[in-house]
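Novice: Show me how the following folds:
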Amino acid sequence: MTNQLTLDKQHTALLIMDFQNGIVANYTQNNPDILQHTAALLAAARNEKLTVIYVVVRFRAGYPEVSLRNRGFSAIRGTGRMLEGNPDTEIHAQVAPLSHEPVVVKRRVGAFSTTDLDTILKAHNITTLLLCGIATSGVVLSTVRWAADADYELVVVENCCADADEEVHRVLTQKVFPRQAIVTQSDQILEALR
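Specialist: Numbers count the residues shown, from 1 in each chain. As a prediction, the model looks like this:
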C-alpha cells in the first residue's frame, strides 16, 4: 500500500466494474461498506471532472455469447440471470451512472475483452485507471492483467473491491496486484483528488 499518491486528473479515469444489482447482492458480505466507499469516490471523481466509465456484464437472450466450454458463464445459462434488460444487470442505485457517463457492456470477465473500453479511454487521452470492481478475482484481476500489458498506469482501490473469498482478495491485493498496480484505499484517492 502506498502512503502518498499523485494523480494527473486530466488523464485519469475511474472504472466502476460489475457493480450490478445481481452481483453486489452476492459479494458485499466480506466488504459491507463497499457501496459507501465507492459512492464517496465517485462523487469526488465527478467533482474533480475525472472521466467516469462503468463496465457491466450482460448477455443477450439465449446466451449466444456463452460457450458450453466456458466453465464460469455456462453455469449462468440455465439460471436466466444477467440477461440484458433484467433488473439484476442494472447498476446499483448507490453508484448509478449519469446520462453522459459511458456504460461498457462486456460478454466476458475482463473489462477489455469483447468491449470498446480501450477506444473510449484513448479518445479521452486516459493513461491512468482507478479500478473499483466486484469480484477481485474476476473483473479486477482480468482487467489489471490486460491493462498492465496495454501500458496503463493502474491504481486498485482495495476497499472498493470485493470477493467472495477473503483470502483470495487479500492475496491478490497484497501480493499479486502490487507487481503491476498501486494498491490503495479510497481515502488516499480522495486526498489525492483534493
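Novice: Tell me the secondary structure at the nearest residue to residue 174 once chain neighbours are set aside.
Specialist: Nearest residue to residue 174, sequence neighbours excluded (CB to CB, 6 or more residues apart in numbering): residue 183, at 7.4 Å. Quick note: C-beta positions are derived from backbone N, CA and C, even for glycine. Secondary structure assignment for residue 183 (DSSP: H, G, I helix; E, B strand; the rest coil): strand.
Novice: Just the strands from this structure, written as ranges.
Specialist: Listed in chain order, the strands of the chain (DSSP state E) span residues 12-17, 51-57, 103-106, 128-134, 153-162, 182-184.
Novice: any chance of those strands in CSV, plus mean pLDDT?
Specialist: Listed next are the strands of the chain as CSV, based on pLDDT from 0 to 100:
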stretch, mean pLDDT
strand 12-17, 98
strand 51-57, 98
strand 103-106, 98
strand 128-134, 98
strand 153-162, 98
strand 182-184, 98
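Novice: Now render the ones you listed as CSV, adding mean neighbour count and distance to residue 70.
Specialist: Listed next are these as CSV, based on neighbours: other CB atoms under 10 Å; distance: least, CB to CB, whole Å:
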stretch, mean neighbour count, distance to residue 70
strand 12-17, 26, 19
strand 51-57, 22, 12
strand 103-106, 18, 13
strand 128-134, 26, 19
strand 153-162, 25, 23
strand 182-184, 21, 29
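Novice: Run the chain-centre distance for the lowest-mean-pLDDT helix or strand in the chain.
Specialist: Least confident helix or strand, the chain: helix 71-77 with a mean of 88, by mean pLDDT, DSSP states H and E. Helix 71-77 sits 20 Å away from the centroid of its parent chain (CA atoms, centre = their mean, to the nearest Å).
Novice: Which parts of this protein are helices?
Specialist: 21-27, 34-47, 71-77, 117-123, 141-149, 166-171, 186-193 (DSSP state H).
Novice: any chance of those helices in CSV, with mean neighbour count and distance to residue 54 too?
Specialist: Formatted as CSV, the helices of the chain follow (neighbours: other CB under 10 Å; distance: least, CB to CB, whole Å):
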stretch, mean neighbour count, distance to residue 54
helix 21-27, 17, 13
helix 34-47, 19, 10
helix 71-77, 13, 20
helix 117-123, 16, 10
helix 141-149, 19, 13
helix 166-171, 14, 22
helix 186-193, 18, 17
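Novice: Could you tell me which residues make contact with residue 82?
Specialist: 20, 22, 57, 58, 59, 76, 88, 89 (CB atoms under 8 Å, 6 or more residues apart in numbering).
Novice: can you redo those residues as a markdown table with distance to residue 32?
Specialist: Below are these laid out as a markdown table (distance: CB to CB, whole Å):
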| residue | distance to residue 32 |
| --- | --- |
| 20 | 18 |
| 22 | 18 |
| 57 | 23 |
| 58 | 26 |
| 59 | 28 |
| 76 | 25 |
| 88 | 20 |
| 89 | 22 |
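Novice: min pLDDT across the residues you listed, which one?
Specialist: The lowest pLDDT within the contacts of residue 82 belongs to residue 76, with 89.
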